[in-house]
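Participant: Generate a structure from the sequence data that follows.
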Amino acid sequence: MPQQSIRYHVAEMDGAWGIFRDGQPIARRDDMTDAIAFANFFADRESLTSPLPVKVTGGPCLQKRLREERLAA
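Facilitator: Numbering: from 1, shown residues only. Reported below is the predicted structural model:
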C-alpha cells in the first residue's frame, strides 16, 4: 500500500518525550514543549518539499498533559 501521508508523532518515552517520523525515532527531548516544537519545525519544513500531506500527532500522555496545561492556564 502506498504511503498516504508523513506522520510526526510525539509520545512519552522513559520519562522524556520521543519524536518519531513514520514510526522511526528521530529525537528525544526532556521538555514536552521542546518536543512539540521540534516535531512541528520538521513537519513544517518537510511540508514545503513533500507531495504528501504532513501531520503531527501526539500520544495519549501528551494529550492528557496538554489538557492539564490548558486547565491550569
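Participant: In the protein, what helix or strand scores lowest on average pLDDT?
Facilitator: helix 60-72 (a mean of 90; mean pLDDT, DSSP states H and E).
Participant: does Ser50 count as helix, strand or coil?
Facilitator: Under DSSP: H, G, I helix; E, B strand; the rest coil, Ser50 falls in the coil class.
Participant: correct me, but it touches Ser5?
Facilitator: No: Ser50 lies out of contact with Ser5 (Cβ atoms under 8 Å); the separation is 9.2 Å. (Glycine included, C-beta is placed from N, CA and C.)
Participant: just how off-centre is the least confident helix or strand of the chain within its chain?
Facilitator: Chain-centre distance of helix 60-72: 15 Å, with Cα atoms, centre = their mean, to the nearest Å.
Participant: Output it in CSV with nothing but the alpha carbons.
Facilitator: The C-alpha coordinates for helix 60-72 follow below in CSV (Å, rounded to 0.1, in the frame of the first residue of the first chain):
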residue,chain,number,x,y,z
PRO,A,60,-2.3,9.7,24.9
CYS,A,61,0.1,11.0,27.6
LEU,A,62,0.7,14.2,25.5
GLN,A,63,-3.0,14.7,25.0
LYS,A,64,-3.6,14.4,28.8
ARG,A,65,-0.7,16.8,29.7
LEU,A,66,-2.0,19.4,27.2
ARG,A,67,-5.5,19.2,28.7
GLU,A,68,-3.9,19.7,32.2
GLU,A,69,-1.9,22.7,30.9
ARG,A,70,-5.0,24.3,29.4
LEU,A,71,-6.9,23.9,32.6
ALA,A,72,-4.1,25.4,34.7
